[in-house]
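K.L.:
Need coordinates for the following:
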Amino acid sequence: MKIGILVGTRPEIIKMAPVVRACEARGTPFLLIHTGQHYSFEMDGVFFRELGLPAPHVNLEVGSGTQVYQIGAIIAGIAPILEHERPDVLLVEGDTNSVAAAGLAAQKMGIKVGHVEAGLRSFDRTMPEEINRILTDHLSDYLFAPTEQSRVLLHREGIADERIVVTGNTVVDEVLLQRERARDPARLERFGVESGRFAIATVHRAENTDVESRLRGIFEGLSGASRALGIPVLAALHPRTSKKLEALGLEIGNGVRPLPPLGYLDFLGLHAEAAITLTDSGGLQEEACCLRVPAVTLRDNTERPESVEVGANVLAGADPVKIVACARAMVAKPRDWPNPYGDGHSGERIVDWLLARG
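P.N.:
Next comes the predicted model:
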């Protein structure tokens with residue numbers, strides 16, 4: 001069996017790394033395809049190096065652009081590669097344009113598609129990611145659900161049980177593998193913070209960056225949280241967010257320290273030592289839950305309800321008053337919640353399940 005593995009963005013590289021390693025450990029041939037949706041060294045190249053992953057066999061170098069452009073370019077670019085290589089299955093992960101486009105191309109070419117992290121729903125169809133999730137789940141042959149809740153949701157949407165496998169989330173595999181490598185007191189010193197005495201923040205979702213009132217509210221909330229908790233907020237900003245802030249002339253408030261995109265080990269090392277996480281990232285909600293760092297999600301909904309249900313996460317939206325109140329409440333909570341996202345062997349389960357099917 002030859003397994004195609006698709007990545008296109010930083011979260012996909014992180015979450016597919018355990019699948020790549022599982023293939024390597026079993027001697028299973030694989031084809032690593034990068035769409036280039038994230039294309040700078042800081043946004044993706046550093047991740048291959050830090051995680052010890054092989055270079056992609058193919059890079060489509062799609063780059064930035066409109067959603068329509070990206071999807072069209074990925075379909076056109078990946079079709080001849082799939083036709084030449086003919087993997088037995090193409091694995092895609094998550095909810096990006098890369099995932100939906102590559103999955104659709106493979107399905108139209110008669111190649112089996114496996115969706116890693118299947119069955120997530122925010123129930124907000126204004127989010128581009130939600131459309132990508134739904135499309136990819138329903139065109140996939142194999143659905144690797146991270147939790148039982150995801151499996152039930154897929155079943156309710158009419159997907160046959162035999163196509164669904166509960167594997168856990170591969171983000172846990174990578175966090176558990178890299179946690180000790182990321183533990184470095186010198187890193188905290190380099191960023192000028194002390195363990196448990198700072199917050200980490202990210203903002204990148206279009207629903208937040210493209211709406212001025214939300215972007216203003218979030219950064220007012222981050223500054224307010226810094227004052228309320230008496231700690232700095234390290235804000236690792238996506239280039240799109242930095243450009244929006246500059247274009248709108250929005251000044252980052254006191255107590256918020258902007259940072260460029262960080263490598264995986266830098267971010268994980270900081271995240272594990274933070275007092276709290278404030279983010280609109282889906283993957284960081286999972287990572288925070290796994291690290292037992294309380295999270296405040298800067299969105300009105302989440303496709304990771306398990307983290308909310310176990311008490312690791314709370315939705316604050318873009319209201320600065322609510323952001324501050326949620327930050328106060330979460331910092332005060334005991335960090336004793338169970339991890340609902342798996343035991344760190346999800347990548348192995350996915351590959352072994354495929355190999356068992358032949």
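K.L.:
Contact partners for residue 194?
P.N.:
residue 188 (CB atoms under 8 Å, 6 or more residues apart in numbering). Every residue, glycine included, has its C-beta placed from N, CA and C.
K.L.:
Tell me how far it lies from residue 275.
P.N.:
Separation of residue 194 from residue 275 (CB to CB, to the nearest Å) stands at 10 Å.
K.L.:
try residue 229
P.N.:
7 Å.
K.L.:
Which parts of the stretch 201-350 of the chain are strands?
P.N.:
233-237, 256-259, 276-279, 295-297, 313-315 (DSSP state E, counting those that start in this stretch).
K.L.:
just the stretch 1-150 of the chain next, same as before
P.N.:
3-7, 30-34, 58-59, 89-93, 112-116, 142-145.
K.L.:
residue contacts, the nearest residue to residue 317 once chain neighbours are set aside?
P.N.:
Spatial nearest neighbour of residue 317, excluding adjacent residues (CB to CB, 6 or more residues apart in numbering): residue 300 at 4.7 Å. The contact partners of residue 300, taken as CB under 8 Å, 6+ apart, are 124, 315, 317-318.
K.L.:
how about residue 300, phi and psi?
P.N.:
Main-chain dihedrals, residue 300, degrees, to the nearest 10: phi -90, psi -10.
K.L.:
Quick check: the residue lying closest to residue 163 once chain neighbours are set aside vs residue 128, distance?
P.N.:
The shortest distance from residue 163 to any non-neighbouring residue, by CB to CB, 6+ apart, is to residue 143 (5.5 Å). Residue 143 is 20 Å from residue 128, where distance means CB to CB.
K.L.:
Looking at those two, which one has more neighbours?
P.N.:
residue 143 (25 against 16; other CB atoms under 10 Å).
K.L.:
tell me the contacts of the closest residue to residue 34 other than its chain neighbours?
P.N.:
Counting by CB to CB, 6+ apart, residue 34 lies nearest to residue 56, which is 3.8 Å off, once chain neighbours are set aside. Residues near residue 56 by CB under 8 Å, 6+ apart: 7, 32-34, 48.
K.L.:
Who wins on neighbours among those residues?
P.N.:
In those, the most neighbours by other CB under 10 Å go to residue 7, 35 neighbours.
K.L.:
Beta-bridge partners for that residue, please?
P.N.:
residue 34 (DSSP bridges).
K.L.:
quick one: low-confidence ranges for the stretch 251-358 of the chain?
P.N.:
Along the stretch 251-358 of the chain, no part satisfies pLDDT under 70.
K.L.:
do that again at 80, thanks
P.N.:
For the stretch 251-358 of the chain, applying pLDDT under 80 flags the ranges 358.
K.L.:
Walk me through the domains of this structure.
P.N.:
3-169+342-357, 179-331 (automatic domain parsing).
K.L.:
Show the end-to-end separation of the first one, please.
P.N.:
In this case it means domain 3-169+342-357. Length of domain 3-169+342-357, first residue to last, CA to CA, to the nearest Å: 13 Å.
K.L.:
Give the buried residues for stretch 108-119.
P.N.:
111-119 (16 or more other CB atoms under 10 Å).
K.L.:
so can I have JSON lines of the residues you listed showing distance to residue 243 and pLDDT?
P.N.:
As requested, these are arranged in JSON lines below (distance: CB to CB, whole Å; pLDDT from 0 to 100):
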{"residue": "111", "distance to residue 243": "37", "pLDDT": "98"}
{"residue": "112", "distance to residue 243": "39", "pLDDT": "98"}
{"residue": "113", "distance to residue 243": "34", "pLDDT": "98"}
{"residue": "114", "distance to residue 243": "35", "pLDDT": "98"}
{"residue": "115", "distance to residue 243": "31", "pLDDT": "99"}
{"residue": "116", "distance to residue 243": "31", "pLDDT": "98"}
{"residue": "117", "distance to residue 243": "28", "pLDDT": "98"}
{"residue": "118", "distance to residue 243": "33", "pLDDT": "98"}
{"residue": "119", "distance to residue 243": "33", "pLDDT": "98"}
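K.L.:
What is the nearest of those residues to residue 26?
P.N.:
residue 114 (16.0 Å; CB to CB).
K.L.:
Tell me the spacing between the closest one and residue 322.
P.N.:
39 Å.
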